[in-house]
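Asks: Show me the folded form of this:
(4 chains)
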Amino acid sequence: MMILVSSTPFDPGKHINEFAKKCTSAGGIASFLGQVRSENNTVSTLTLQSYPGVTEQGIQGAEENARLRWELEDIFILHRIGTMQAGDPIVLVLTAAKHRRDAFEACDFLMDYLKTEAIFWKKQTGQNGTQWIEPRTEDYQDNKRWSL
Amino acid sequence: MMILVSSTPFDPGKHINEFAKKCTSAGGIASFLGQVRSENNTVSTLTLQSYPGVTEQGIQGAEENARLRWELEDIFILHRIGTMQAGDPIVLVLTAAKHRRDAFEACDFLMDYLKTEAIFWKKQTGQNGTQWIEPRTEDYQDNKRWSL
Amino acid sequence: MLKILYFGRLSDLAGRQEEYLDLPKDINTISVLKPYLSTLHDLGDALDDPSIKTMINQSLVFGDASIIDAREIGFLPPVGGG
Amino acid sequence: MLKILYFGRLSDLAGRQEEYLDLPKDINTISVLKPYLSTLHDLGDALDDPSIKTMINQSLVFGDASIIDAREIGFLPPVGGG
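Replies: Here you go, the predicted model:
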């Protein structure tokens, strides 16, 4: 298990390969990679803030929930903070499980957490200037799917 | 879009990085990596056969279905054939989409196709000798989730 | 020359995944080809198993079918997925 | 010395993400700390927005609270996700 909030750019492929090598008893590894979108240059930079300690603790709570719900071999969560450009990786979630259904659902669940509840603040700078962003209604709806 | 059935070992991380680099307008890339499980050495090798041409055509049909159902930027499907050892990658499915729900569901859907309907024959050699494997009931059930 | 393909357990039974054959003139339908190949490779009744699908020129055929225009015939046990 | 953290739009308004302050003795609760900081950094009524959450020593507090044992106080606008 690893949770990392880092201001250093990362190489998604390298982490996936290392994770896969460790999870030899897992048949499947689901992953989600979020990256800074470039759409007609409307987003040129993205800046993320975390609350060191608090942010990681929140993610750990979500990770423990995922382990209670699904049978998982391992979990890896890496989230960038700081300023990123279009195309830069923001977040990588990896879930390894014997059965792919568990891996998929846990990865999806963790992404929902990271997108809506995780302790991050997000600022976009583009053609329309700079603004702080709050979650889309859609993100909240996705997250509700997991409530019992 | 790329569909590849190959007897050559592959590097999942390399493909994910190349795919992500191409999909600059996609916010998210979901992936699934299936690898040969090693469980108390019960599986030591796995051999997959395809029907060249027919197998690819079937996968392409599933890929077109995925594109009809979800809004996707790009799809990448790579499947090994031949003989593999524990830990070797078998299959990699990558789906890029603006919204992560589309990427996740399409990736899940394509994996269901590959696990149950795709034209592959699978032989395991381990402690209990060698046997040809047919899909688990569970795989069929997963696949039924997508029927309209 | 007709290309014959055997998959899965059939490839083990036949000892090959593919072969090219010059068939006798009277071997002109699937229903007479099957016993011909079964004798040739000592396949027993493996090809008669109802789970075995037949493809002519990469298209599925059901029941009997002429093989006069066939370039390629495949015998497919249930697929096992990846 | 008390560590104060400002997040999201508050960090832009305050011109900083964190600072260490020696507070006057009478600044001993959240309800008096907020106007003190608002004046110090010209924050207007930003800290009074009901969407701003307060953490003392990395734990959420609701309503007013003593800051006598506080080592760290954070002011958190709604989180935006990653």
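
Asks: how about the helices in chain C?
Replies: Taking DSSP state H to define them, one finds helices in chain C at C:9-14, C:30-41.

Asks: Tell me the confidence at residue A:143?
Replies: Looking at residue A:143, its pLDDT is 64.

Asks: er, residue A:137 actually
Replies: So, for residue A:137, pLDDT stands at 60.

Asks: how far away is the residue nearest to residue A:9 when sequence neighbours are not counted from chain D?
Replies: Closest residue in space to residue A:9, ignoring its immediate chain neighbours: residue A:88 at 6.3 Å, by Cβ to Cβ, 6 or more residues apart in numbering or on different chains. The way it works is simple: take the backbone N, C-alpha and C, and place the C-beta from them, glycine included. Going from residue A:88 to chain D by Cβ to the nearest Cβ, to the nearest Å gives 13 Å.

Asks: Thought residue A:33 was touching residue A:88, still the case?
Replies: No - using Cβ atoms under 8 Å as the test, residue A:88 is too far from residue A:33 to be in contact (11.0 Å).

Asks: Out of the helices of chain C, which gets nearest to residue C:49?
Replies: Among the helices of chain C, the nearest to residue C:49 by Cβ to Cβ is helix C:9-14 (9.3 Å).

Asks: anything in that closest one near chain B?
Replies: Yes - contact of helix C:9-14 with chain B (Cβ under 8 Å from any Cβ of the partner chain) involves C:9, C:11-12.

Asks: Whichever of those end up buried, select them in ChimeraX.
Replies: Buried residues among those (16 or more other Cβ atoms under 10 Å in any protein chain shown), as a ChimeraX selection:
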select /C:9,11
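
Asks: Of the residues of helix C:9-14 next to chain B, just say which sits nearest to chain B.
Replies: For the residues of helix C:9-14 next to chain B, the closest approach to chain B (Cβ to the nearest Cβ) belongs to residue C:9, at 4.7 Å.

Asks: how about the closest residue to the closest one other than its chain neighbours, secondary structure?
Replies: Distances taken as Cβ to Cβ, 6+ apart put residue B:132 closest to residue C:9, at 4.7 Å, once the chain neighbours are dropped. Three-state assignment for residue B:132 (DSSP: H, G, I helix; E, B strand; the rest coil): strand.

Asks: distance of residue B:132 from residue C:8?
Replies: 5 Å (Cβ to Cβ, to the nearest Å).

Asks: Residues in contact with both of the two, list them for me.
Replies: Common contact partners of residue B:132 and residue C:8 (Cβ atoms under 8 Å, 6 or more residues apart in numbering or on different chains): B:121, B:123, C:77, C:80.

Asks: Thought residue B:132 was touching the third one, still the case?
Replies: It refers to residue C:77. Yes - the pair residue C:77 / residue B:132 is scored as a contact, 7.3 Å apart, by Cβ under 8 Å.

Asks: right, is stretch A:22-34 up against chain D?
Replies: Yes - Stretch A:22-34 reaches chain D (Cβ under 8 Å from any Cβ) through residue A:34.

Asks: Return the distance of that stretch from the chain's centre.
Replies: Centroid separation for stretch A:22-34 versus its chain: 14 Å, with Cα atoms, centre = their mean, to the nearest Å.

Asks: Between the two ends of it, what distance do you get?
Replies: Distance across stretch A:22-34, first residue to last, is 23 Å (Cα to Cα, to the nearest Å).

Asks: is that stretch up against chain C anywhere?
Replies: No - figure legend: stretch A:22-34 not in contact with chain C (Cβ under 8 Å from any Cβ); closest approach 11.2 Å.

Asks: Could you check the pLDDT of the most centrally placed residue in chain A?
Replies: Nearest residue to the geometric centre of chain A (Cα atoms, centre = their mean): residue A:91, 4.1 Å. Looking at residue A:91, its pLDDT stands at 97.

Asks: Nothing else from me, thank you.
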